[in-house]
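# Below are the sequence and a predicted model for it; my questions follow.
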Amino acid sequence: IHGVWPDIKGTVLNNCNPDASYTTVTGDKFDKRNKHWPDLILTEAASLKHQGFWAYQFKKHGTCCSDLFNQEKYFDLALILKDRFDLLTTFRNKGIIPKSTHTINKIQKTIRTVFGVVPNLSCTPTMELPEIGI
């Protein structure tokens, strides 16, 4: 997961409340979030202490939907959406295996067929696909 980005008519909202604070989570909440939305740069111990990536995503995007979701609900929504749009399982079932070559059309068609949405695919200049927006 990279984040949940609220938008208005296709325009992603950013930094709606720059003074917002992030409340560090521990225990079961941390374990669940770290399992399904890990910070891939930090060790688990460092992530528990700093939680910088989650804080950044919440402050940048979560504050733009705070009238609907508090911090806890924002992260709960992210995990619900991750389960709803289980891309790794979907791709595996359709023969799309990570670290192998596939056409953009095949990836887009798979997502459109299974989930009924048009994805935003962000490829690198070396033709890697690090991010899929749904």
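Looks like it came in fine.

# Centre of the chain to the helix or strand bottoming out on mean pLDDT in the chain, how far?
Scoring the helices and strands of the chain by mean pLDDT, DSSP states H and E places helix 44-50 at the bottom, with a mean of 79. Centre-to-centre, helix 44-50 and its host chain are 19 Å apart (CA atoms, centre = their mean, to the nearest Å).

# Strands of the chain, residue ranges please.
With strands called from DSSP state E, the chain shows them at 7-8, 11-12, 120-122, 131-133.

# Within the sheet, what are the partner strands of the first one, with directions?
Paired neighbours of strand 7-8 in the sheet (DSSP bridges): strand 11-12 (antiparallel).

# got it, and the last one?
According to DSSP bridges, the neighbouring strands of strand 131-133, each with its direction, are strand 120-122 (antiparallel).

# what about the partner strand, average pLDDT?
What strand 120-122 shows for mean pLDDT is 90.

# can you give me how far that strand is from the chain middle?
The answer for strand 120-122 is 13 Å, by CA atoms, centre = their mean.

# Name the residues that touch that strand?
Identification of contacts with strand 120-122 by CB atoms under 8 Å, 6 or more residues apart in numbering yields 104, 107, 108, 129, 130, 131, 132, 133, 134. Every residue, glycine included, has its C-beta placed from N, CA and C.

# which ones are touching residue 114?
Residues near residue 114 by CB under 8 Å, 6+ apart: 90, 94.

# and the longest helix anywhere in the chain, which residues are buried?
Longest helix of the chain, by residue count under DSSP state H: helix 71-84. Buried residues in helix 71-84, defined by neighbour count with 16 or more other CB atoms under 10 Å: 71, 74, 75, 78, 79.

# next one: stretch 38-57
Result for stretch 38-57 [16+ other CB under 10 Å]: buried residues 39, 42, 47, 48, 51, 53, 54, 55, 57.

# Stretch 109-125 too?
110, 111, 114, 119.

# just stretch 5-18 next, same as before
With the criterion 16+ other CB under 10 Å, stretch 5-18 contains buried residues 6, 16.

# any residues touching it, and which ones?
With CB under 8 Å, 6+ apart, stretch 5-18 has contacts from 59, 60, 61, 63, 64, 65, 66.
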